[in-house]
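Engineer: Pasting the sequence and the predicted model now:
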Amino acid sequence: MSFNNLQLIEPVLQALGKEGYTHPTPIQEKAIPAILQRRDLLGCAQTGTGKTAAFTIPILQLMHGHPEPAQNNIRALILTPTRELAIQIGESIRAYGRFLPLKHHVIFGGVSQHSQVQAVRRGVDILVATPGRLLDLMQQRHISLSHIQFFVLDEADRMLDMGFVQDVKRIISRLPAKRQTLFFSATMPNEIKQLANILLTDPVKVEVTPPASTVDMIQQSVYYSEKQNKQALLENILQDQSIETVLVFTQMKHSADRLAKNLNRAGIRTEAIHGNKAQNARQNALANFKAKKTRVLVATDIAARGIDIDDLTHVINYELPNVSETYVHRIGRTGRAGASGIAISFCDWSEKIFLSDIQKLIKKTIPAVKGHPYDVPAMHSLPPSANTSASPVSGRRSPGMGKRYGRTFSQRA
């Protein structure tokens, strides 16, 4: 199927052609017709499946087909958890709507609100926002949601992880009862299902892959190593010059900074992004990475949520996540839109139980690479479910094991 079969208007098709898009992804193929029919939609889709286009394209078309009298009212609200993802959505709206007379703006915290307020006052058709800054501007009476016709809640599960659910509910309470609502989440825990039931009316359900499943095109592997040898292992892997760019995940902000500093000392151009970095620094680091001026980008989970790089071939889990679903989000940064990708994970003694949980979630065994310079053969034979909180080599207990089932790391990243 091509986009020409989806009943899209010529200005949208022309914009898609400019972007080089000819065939919709599965979620676009299923979601766009339903949205154009003005149905509420519940979409369960992993990152990298093309869901941003799945909701922006039909919203642009519907808004163009039913223009609002010149009253400068916000008619569409797209709510997303991170500023990086908000910026990415804004870029998509600009690309797909380049031949349409619709105005959009992106608002998020961490920067001055002045330019955001001025843009809203000049008139905005589509507003992309993070919850905190949107609530701030609503409380200051700079923004009204009373004319919203289209509401999109994107990355709902990450909203839950980041503690935004109550903020989201406050925003929902200010929306008109009559509206079209589109709800997207990569996973569907009970609290997210309850929120969807509150928001949606007789929705069309679109599920392109099972919740928390990994993309089949991604080649996954695990390298066993002692914790203190991980940096040397990473440098060894990066001797392969065919790896032009790689996104590396750590659990904590200070780990990201330390690893970036050490890799730069080793002559590997590296930058780090996390929640403590200023917005400009994060955007510059991401721009350098996309332009391949930086070879390695070290990120924490929350900072990396909005990273969308079509040709990213490698993701490395320098530290395994203690929340299994996070692994799926991480490796989904590669293998996007049907492309292949490579996901490498480092695993020390203390992380063996995290690996076991991940493999249970994705229902497959991640093959281990044997014989590398920092391999620990004893880890290959140890059952994943065994008590691995203490290393037979070092005898030290991992400090994070007591928080295995919590979300401490994710929230602090």
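Structural biologist: That came through, no problem. Bear in mind that the values here come from a model prediction, so they are computed numbers and not experimental data.
Engineer: Can you tell me the closest non-neighbouring residue to Ser225?
Structural biologist: In this structure, Ser225 finds its nearest non-sequential neighbour in Tyr374, 4.6 Å apart by C-beta to C-beta, 6 or more residues apart in numbering. The way it works is simple: take the backbone N, C-alpha and C, and place the C-beta from them, glycine included.
Engineer: residues contacting the one you found?
Structural biologist: When contacts are counted by C-beta atoms under 8 Å, 6 or more residues apart in numbering, Tyr374 touches Tyr223, Ser225, Glu226, Asn229, Lys230, Ala232, Leu233, Asn236.
Engineer: got the end-to-end distance for stretch 181-201?
Structural biologist: Distance between the boundary residues of stretch 181-201 (C-alpha to C-alpha, to the nearest Å) amounts to 8 Å.
Engineer: and if you look at stretch 100-109?
Structural biologist: 28 Å.
Engineer: If you count neighbours, what's buried in that stretch?
Structural biologist: For stretch 100-109, a neighbour-count test (16 or more other C-beta atoms under 10 Å) marks Leu100, Leu102, Lys103, His104, His105, Val106, Ile107, Phe108, Gly109 as buried.
Engineer: What mean pLDDT does it get?
Structural biologist: Per-residue pLDDT values across stretch 100-109 average out to 94.
Engineer: Now do that stretch: everything it contacts.
Structural biologist: Contact with stretch 100-109 is made by 11-12, 15, 60, 63-64, 82-83, 86-87, 89-90, 93-94, 97, 113, 116, 119-120, 122-130, 132-134, 136-137, 279, as judged by C-beta under 8 Å, 6+ apart.
Engineer: in what helix or strand does Asp157 lie?
Structural biologist: Asp157 belongs to helix 156-161 when elements are defined using DSSP states H and E.
Engineer: That helix - contacts with which helices or strands?
Structural biologist: In terms of contacts (3 or more C-beta pairs under 8 Å, 6 or more residues apart in numbering; DSSP states H and E), helix 156-161 is packed against strand 180-185, helix 190-199.
Engineer: Just the buried residues of stretch 230-249, please?
Structural biologist: Residues of stretch 230-249 classed as buried by neighbour count (16+ other C-beta under 10 Å): Lys230, Gln231, Leu233, Leu234, Ile237, Leu238, Ile243, Thr245, Val246, Leu247, Val248, Phe249.
Engineer: what residues are up against the closest residue in space to Phe184 that isn't next to it in sequence?
Structural biologist: With sequence-adjacent residues excluded and distances taken as C-beta to C-beta, 6+ apart, Phe184 is closest to Gly43, at 4.4 Å. By C-beta under 8 Å, 6+ apart, the residues touching Gly43 are Ile27, Ala31, Lys51, Ala54, Phe55, Leu182, Phe183, Phe184, Ser185, Lys205, Val206, Glu207.
Engineer: Tell me how many other residues surround the third one.
Structural biologist: What that stands for is Lys51. As a burial measure, Lys51 scores 26 neighbours (other C-beta atoms under 10 Å).
Engineer: What values do phi and psi take at it?
Structural biologist: The phi/psi pair for Lys51 (degrees, to the nearest 10) reads phi -70, psi -30.
Engineer: Nearest residue to it in space, please, no chain neighbours.
Structural biologist: Nearest non-adjacent residue to Lys51, counting by C-beta to C-beta, 6+ apart: Ala45, 4.9 Å away.
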